[in-house]
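Engineer: Provided below are the primary sequence and the corresponding predicted coordinates.
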Amino acid sequence: MRLLPLALLLASTGALAQTAPLTPDEAAMRAHVAFLAADDMKGREPGTPEYDRAAAYVADQMRAAGLKPGGDDGSYLQRVPLISAVPAGKGRLTAAGRPALTFGTDYLTSTSFLEPDLRRSGEVVFVGQGVTDAANGIDDYAGLDVRGKIVAYLYGASNKLPSEIRAHLASGDTKRANAAAHGAIGVLQIETDEQSKRYPFSYLMSIYRSSRMTWVGKDGRAQVAGAAAPSIGWLSASGAAKLFTGSAIDWPAVLKAEAAGTAVPRGVTGVRVTTRQRSTTRRFDSANVVGILPGSDPGLRDQYVALSAHLDHIGVSTDPTLPKGADRINNGAMDNGVGTAAMIEVAKQFAADPRKPRRSLIFVSVTAEEKGLIGSEYFAMNPTVPKGAIVADVNLDMPILSYRFQDMVAIGADHSTVAQAVARAAGKRGIALSPDPEPEEAIFVRSDHYSFVKAGVPSVSLDTGWKGPGKAAVADFLEHRYHQPGDDMHQKFDWTAGRVFVAINHDIALDLADADDRPRWNKGDYFGVLYDGYGAK
């Protein structure tokens, strides 16, 4: 898409949202988003010059606000060593004595960061949903020996679990780590009705084509959960039926039990598969951008409240099915130009206030969120302040600011005393707090606060809610603009709503930074106990 002249761009974009003059704060927020989401930023994909330009912009904004450098070697940038993997041709999955499987319809294979020519061959053991969780009395591996075997499991986890625990246990990282702990050499994920409604197999093809990323440790090794049991592929419902119907496992009984939500038959299948997927890998650096506002209390300034927002987006589409001349730039204005702009404006408000918070604040603009929370995980595991010094995280990710929101959803807050700070900040502005209206979307494990949770840090990420015009506005964005070229400056914005979003996140961080007691997990909280968080035990 041809870039508009600057004057015309400023006059035309966002005009649907509000006609009243913007306040200086609103205009500043809009200007950040306009810069980050411009066509010439090409969707800010990590590893591109455009992402680096976005990182330099955020660093300049931190410098202008008076934040101290919080990155490497006295700079605002924390180097994040990354590796990407893309398919080098179609993969293969075959099973002797079974019907032939069709790539892209019955199965997709997985790329590997650690094995450019990933090959596995072995007997398949079906392990239900592949979940082990002592706290909830679940063990899908009970009675099964999967050592040296390939395990196949259904997408998801029990819908009887609380949604956030379910999301954690259903994540690919958790399941692969569990499989590896049981001695498996690879995993196959199987499509379910639930998955097909939310993520059709055709959508997985777009994921297959795109580059995957992870961070590289100081030992030079790509960081992969459950590396000993890599994902070797996905089976569609049709692929699983071809592979397992008539096998040693009663596949029709599995489907019937899965649909009913009851325990599925598990066990050896008598099926042996062979898979191969070549990958092209590339090593490169990206950057998190880090700025610090030192605290004022000598006894508390060594504790940090983090404010995080991802800077990256998904770049330029390579989908071959798009028509010639179609807009392919995924600008990422709401996702997450708005969150980044809000974080910058929060930082400016703190820096301009002569009354500094008691604890220090650390602002982190992270890379590679869209590739699996990679930049935030790197920072949480390798913080630029002493480990254990970060006591809370307030994450700003894709607030949908096309309407005047009346309520908010505080993802993750209820696990800790952060919830009280959120309630006070929202209530001060007449904003209600609502439960997650779509727990099945597993937002808890899909935004950067989850990386801090896994480091034992009480965390929250605020979404705008569904009250009033909210439900329709959110649905419209998700259908027509989320991860699409339409997420640009030509969509509707309400910058007054943006100013309220900034104010609430500012006040949450101030509340946490000024409190006598550091934020603590609720006693006995599942995630607090799992990750040895302060106050949980």
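Structural biologist: Received it, and whenever you're ready, just let me know what you need. Note that the coordinates shown come from a computational prediction; the quantities given were computed from them, not determined experimentally. Residues are numbered from 1 along each chain as shown.

Engineer: buried set for stretch 516-532?
Structural biologist: 518-522, 525-528, 530-531 (16 or more other Cβ atoms under 10 Å). (C-beta placed from N, C-alpha, C; glycine too.)

Engineer: Among those residues, which ones are in strands?
Structural biologist: Nothing among the buried residues of stretch 516-532 maps onto strands, per DSSP state E.

Engineer: Put together CSV for these, with pLDDT on each row.
Structural biologist: Putting those into CSV (pLDDT from 0 to 100) gives the following:
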residue, pLDDT
Arg518, 97
Pro519, 98
Arg520, 98
Trp521, 98
Asn522, 98
Asp525, 97
Tyr526, 97
Phe527, 97
Gly528, 98
Leu530, 97
Tyr531, 97
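
Engineer: Does Glu123 have any beta-bridge partners, and if so which?
Structural biologist: Beta-bridge partners for Glu123, by DSSP bridges, are Arg272.

Engineer: For it, the count of nearby residues, please.
Structural biologist: Residues near Glu123, counting by other Cβ atoms under 10 Å, number 14.

Engineer: again, but for the one 10 residues further on
Structural biologist: Counted by other Cβ under 10 Å, the residues lying close to Asp133 total 20.

Engineer: Just the buried residues of stretch 516-532: which are in helices?
Structural biologist: Residues of the buried residues of stretch 516-532 located in helices (DSSP state H): 526-528, 530.

Engineer: can you tell me which of those residues lies nearest to Val366?
Structural biologist: Phe527 (20.2 Å; Cβ to Cβ).

Engineer: ok, the closest one - contacts?
Structural biologist: Contact analysis of Phe527 by Cβ atoms under 8 Å, 6 or more residues apart in numbering lists 164, 168, 415, 453, 521, 533, 536.

Engineer: swap in Asp414?
Structural biologist: Asp414 sits next to Asn522 when contact means Cβ under 8 Å, 6+ apart.

Engineer: who are the neighbours in contact with the residue lying closest to Asp335 once chain neighbours are set aside?
Structural biologist: Excluding the flanking residues, the one nearest Asp335 by Cβ to Cβ, 6 or more residues apart in numbering is Met398, at 4.4 Å. Shown in contact with Met398 (Cβ under 8 Å, 6+ apart): 334-336, 338-339, 463.

Engineer: circling back to that earlier point, out of the ones in helices among the buried residues of stretch 516-532, which one sits closest to Tyr107?
Structural biologist: Out of these, the member with the shortest distance to Tyr107 (by Cβ to Cβ) is Leu530, at 33.0 Å.

Engineer: that older thread, any chance of CSV for the contacts of Met398, columns distance to Ala227 and pLDDT?
Structural biologist: Output for the contacts of Met398, formatted as CSV (distance: Cβ to Cβ, whole Å; pLDDT from 0 to 100):
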residue, distance to Ala227, pLDDT
Met334, 35, 98
Asp335, 30, 97
Asn336, 29, 97
Val338, 36, 98
Gly339, 31, 98
Asp463, 33, 97
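
Engineer: Just those: which are in helices?
Structural biologist: Judged by DSSP H, helices contain the following of the contacts of Met398: Gly339.

Engineer: can I get the contacts of Met398 in TSV with neighbour count and distance to Leu510?
Structural biologist: Formatted as TSV, the contacts of Met398 follow (neighbours: other Cβ atoms under 10 Å; distance: Cβ to Cβ, whole Å):
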residue	neighbour count	distance to Leu510
Met334	24	25
Asp335	26	26
Asn336	31	22
Val338	30	21
Gly339	30	19
Asp463	23	21
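
Engineer: now the contacts of Met398 as TSV including distance to Arg120?
Structural biologist: Below are the contacts of Met398 laid out as TSV (distance: Cβ to Cβ, whole Å):
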residue	distance to Arg120
Met334	40
Asp335	35
Asn336	36
Val338	42
Gly339	39
Asp463	39
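
Engineer: any idea which of the contacts of Met398 is closest to Val33?
Structural biologist: Nearest to Val33 among the contacts of Met398: Val338, at 5.7 Å, using Cβ to Cβ.

Engineer: contacting residues for the closest one?
Structural biologist: Going by Cβ under 8 Å, 6+ apart, Val338 touches 29, 33, 398-399, 401, 498.

Engineer: next one: Ile362
Structural biologist: Contacts of Ile362 (Cβ under 8 Å, 6+ apart): 70, 290-293, 304-307, 384-385, 390.

Engineer: Select from those residues the one having the most neighbours.
Structural biologist: Neighbour-wise, the contacts of Ile362 (other Cβ under 10 Å) top out at Val305, 31 neighbours.

Engineer: Now do that residue against Ser461, distance only.
Structural biologist: 14 Å (Cβ to Cβ, to the nearest Å).

Engineer: and what of Arg446?
Structural biologist: Relative to Ser461, and taking Cβ to Cβ, Arg446 is found at 9 Å.

Engineer: the more surrounded of those two?
Structural biologist: Set Arg446 next to Ser461 and count neighbours by other Cβ under 10 Å: Ser461 wins out with 27 against 17.

Engineer: on contacts alone, who are the packing partners of the helix or strand hosting the more buried one?
Structural biologist: According to DSSP states H and E, Ser461 maps onto strand 459-464. Counting contacts by 3 or more Cβ pairs under 8 Å, 6 or more residues apart in numbering; DSSP states H and E, strand 459-464 packs against strand 390-395, strand 407-411, helix 418-427, helix 449-453, helix 495-514.

Engineer: which secondary structure elements does the fourth one contact?
Structural biologist: Packed against helix 449-453, as judged by 3+ Cβ pairs under 8 Å, 6+ apart, are the following elements: strand 304-310, helix 374-381, strand 390-395, strand 459-464.

Engineer: what bits of the stretch 301-450 of the chain have low per-residue confidence?
Structural biologist: Counting by pLDDT under 70, the stretch 301-450 of the chain shows no low-confidence range.

Engineer: now do the stretch 1-150 of the chain
Structural biologist: 1-19.

Engineer: Let's see that with 90 instead.
Structural biologist: 1-20 (pLDDT under 90).

Engineer: Max pairwise distance over the buried residues of stretch 516-532: which two?
Structural biologist: Largest separation among the buried residues of stretch 516-532 by Cβ to Cβ: Arg518 and Tyr526, giving 20.3 Å.

Engineer: thinking again about what came up before, wait, a strand at the residue nearest to Asp335?
Structural biologist: No - counting by DSSP: H, G, I helix; E, B strand; the rest coil, Met398 is not found in a strand; it is coil.

Engineer: what about it, distance to Ala342?
Structural biologist: Distance of Met398 to Ala342, computed by Cβ to Cβ: 10 Å.

Engineer: next one: Asp525
Structural biologist: Distance of Asp525 to Ala342, given as Cβ to Cβ: 28 Å.
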